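Visitor: Quick one: sequence and predicted model below, then my questions.
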Amino acid sequence: MIPSMTNETVDIAVIGAGPAGSMAALHAARLGRSVCLMDRNAKVGSPVRCGEGIGYKSFIRHVGSRTEWTLNKVEKTVMVSPSGIRVNIGNIDESFILDREKMDGDLAAEAAKAGAKLMLSSTVTAINRTADKKYECLTPGGTITSSCVIIADGVESRCARFLGWDTAVSLVDMETCAFCHVASPLIDRSTCVFYTGTTYAPGGYVWIFPRGKGVANVGLGINGSKSSAGRAKELLLAFIDKELPGSHMSCLHCGGVPVARAVRPLVRDGAMLVGDAARQVNCMSGAGIHYSLYAGKTAGTVAANAFKNGSIDYAALKDYEKAWRKTYGKQQERSFALKEFVLKTDDAFLDRIAASLSKEPPEKMNYLRVFTRAFAHNPLLLIKAVRLFG
Amino acid sequence: MAVKIDTSLCDHCGTCIAVCPANALMLLPEDFIIDPALCTTCGSCVKICPFGALELSHE
C-alpha cells in the first residue's frame, strides 16, 4: 500500500511549530495568506525543553493575559553564589512559570484555526529553490512549494543551512542542559532560585522554578566548552542529591540553549529565520521565549504585508530584521558581550558580587544596582550592561 | 574513527546537530543519521551531548 503524498502550494511555508513558527503562521494566516505550518513531531510542544520561566511584563506584552498558560506567579528571585551566599533580588520583574506544552499546542491550534494548514510528523529533509524562485520543502509526506519560507526549526537550526546560512555554533556558544520535575517539601513556591559556580554548573547556572503543588522545574546548563559526554546530566543528579535530598524526580530531559550572536542576516530573498534557529536568545539568562514570540509575530506580519505589496524579496522582508534589531537585537548583542566576559571570570568574582549585593536591602534591588556592582571595575561593560534590561 | 550513538540514551534534543560544523548529522523521529562522508570526527557532538549518547570509537 503506497501512502498518499500531499503536494501543496502555499504563499508561506513555516518550518517548526514552536512559539516562533506558530506565531508567524498565525499572523500571516490572519492577514489572509495561505500558510503551511510543519513540525517534525507528532505532537506540538512535547517534550518540553525549556525552564518555562518568563518575565511577567514580557509575557503580557507578547500574548496578553493568557492565564491558562501560566502555572505559577513568582515574586521573589534568589541568586546563590558559588560559596553559598544568598542574594535576594527583590524588585526585579516578577515571573510566570509557564505550561509550555499547553501554550505551544494552543498556539499551533490557533494558527490552524486562522487558516494555516498544520502538518505534523513532517520533517523537512531538504529545501530546493526552483527556477522560478519558489521554495520546495521536501517532507516524507510530500513537497510543499511556497514563495516564502519562514524557518523556525529550533536549536538544531538545520533547515537554514539548506539555503546556505551558516548557523552551526561552536561549543563555547552553546549551553548543554539537563532538566526535570522535582517534587519536594523543600521547594518554596514563591521564589525562583539560581545557583551559580563551577561546582554546580560551570559556565552556566542551576535553576529552580516552582510550578506549584510542591513541584519545581529543576535544571542546569553548562557551557559547551566545559562539557564532556553526559556531564550536564551527571551534574544535575549531583545537584538534586545535594540540595533537594529525598525528593522525587520525573520528566528528565535534555536540550541545548544557544548563547551566540543572533544570526545575521535574518532575511534572504523570500526567506526569514526566527527563534532559536536564529540564535535569538539572551546569552546571560538563556531566555528566548519572548524573543521567539516577538520574532515570529513580526516575521509573519512582514511577510504577509510584503505579499500585499507585490514583492517578497530581501528588500521587502528586511523590515523584520530592522524591527528585531530595534526591539531586542541590540540587547541580545550586549548579552553576548556580557556572557563572553563572565565566562572568563572565576567563582571568586561571583562571590564578591554576591557579598556586596547581600548588603543591599532587597526592596532597593534592581538590575541597575546588580550590574553597577558587577562591572564597577569594567566601565565599558557597565555602560552596555546598564541598558541590558532597559 | 567514527561517531557512534547509543539510542537508548538519546533524548532526541538535537543539540549535537547545532554544534556540528560539517552538517553531518540529522535527526528524524525514529532515526539518528550520521553521514560518514561529511563527518570530520571533530568530537564536538560527543562533548556537547547532555546525556552522553555519543562516542568516538575505532571501527
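Guide: That came through, no problem. Predicted model, so just to flag it, every value in this text is computed and none were measured.
Visitor: Which residue, other than its chain neighbours, is closest to the residue sitting nearest the centre point of chain A?
Guide: Among the residues of chain A, the one closest to the centroid is A:Gly288, at 2.6 Å (Cα atoms, centre = their mean). Leaving aside its sequence neighbours, A:Gly288 sits nearest to A:Val281 (Cβ to Cβ, 6 or more residues apart in numbering or on different chains; 3.9 Å). C-betas here are computed from N, CA, C, even on glycine.
Visitor: can I assume that neighbour is in contact with A:Val257?
Guide: Yes: A:Val281 lies in contact with A:Val257 (Cβ atoms under 8 Å); the separation is 6.1 Å.
Visitor: Can you check which residues contact both of the two?
Guide: A:Gly288 (Cβ atoms under 8 Å, 6 or more residues apart in numbering or on different chains).
Visitor: Which helix runs longest in chain A?
Guide: helix A:289-308 (DSSP state H).
Visitor: And that helix, what's buried?
Guide: Neighbour-count burial for helix A:289-308 flags A:289-307 (criterion: 16 or more other Cβ atoms under 10 Å in any protein chain shown).
Visitor: And A:Arg40, how far from A:Leu266?
Guide: 22 Å (Cβ to Cβ, to the nearest Å).
Visitor: if you count what's nearby, which of these two comes out ahead?
Guide: Shown here are A:Arg40 and A:Leu266; by other Cβ atoms under 10 Å in any protein chain shown, A:Leu266 has more neighbours (26 against 22).
Visitor: ok, now which ones touch that one?
Guide: Contacts of A:Leu266 (Cβ under 8 Å, 6+ apart): A:272-274, A:278, A:320-321, A:324.
Visitor: Phi first, then psi, for it.
Guide: As for A:Leu266, its main-chain torsions (degrees, to the nearest 10) stand at phi -90, psi -10.
Visitor: gap between it and chain B?
Guide: Counting by Cβ to the nearest Cβ, to the nearest Å, the separation of A:Leu266 from chain B is 17 Å.
Visitor: What of A:Lys242?
Guide: A:Lys242 sits 19 Å away from chain B, going by Cβ to the nearest Cβ.
Visitor: got the buried residues for the host helix or strand of that residue?
Guide: Using DSSP states H and E, A:Lys242 sits in helix A:231-243. Of the residues in helix A:231-243, A:231-233, A:235-236, A:239-240, A:243 count as buried by neighbour count, 16+ other Cβ under 10 Å.
Visitor: for stretch A:110-121, same thing?
Guide: Buried-residue list, stretch A:110-121, by 16+ other Cβ under 10 Å: A:110-112, A:114, A:116-119.
Visitor: per-residue confidence at A:Tyr294?
Guide: Listed pLDDT for A:Tyr294 reads 98.
Visitor: Please name the residues that touch the residue lying closest to it once chain neighbours are set aside.
Guide: The shortest distance from A:Tyr294 to any residue other than its chain neighbours is 5.9 Å, reached at A:His62 (Cβ to Cβ, 6+ apart). Taking Cβ under 8 Å, 6+ apart, we find A:His62 in contact with A:290, A:293-294, A:297.
Visitor: Chain B versus A:His62, what's the distance?
Guide: For A:His62, the distance to chain B - Cβ to the nearest Cβ - is 24 Å.
Visitor: Fine by me, we can end here.
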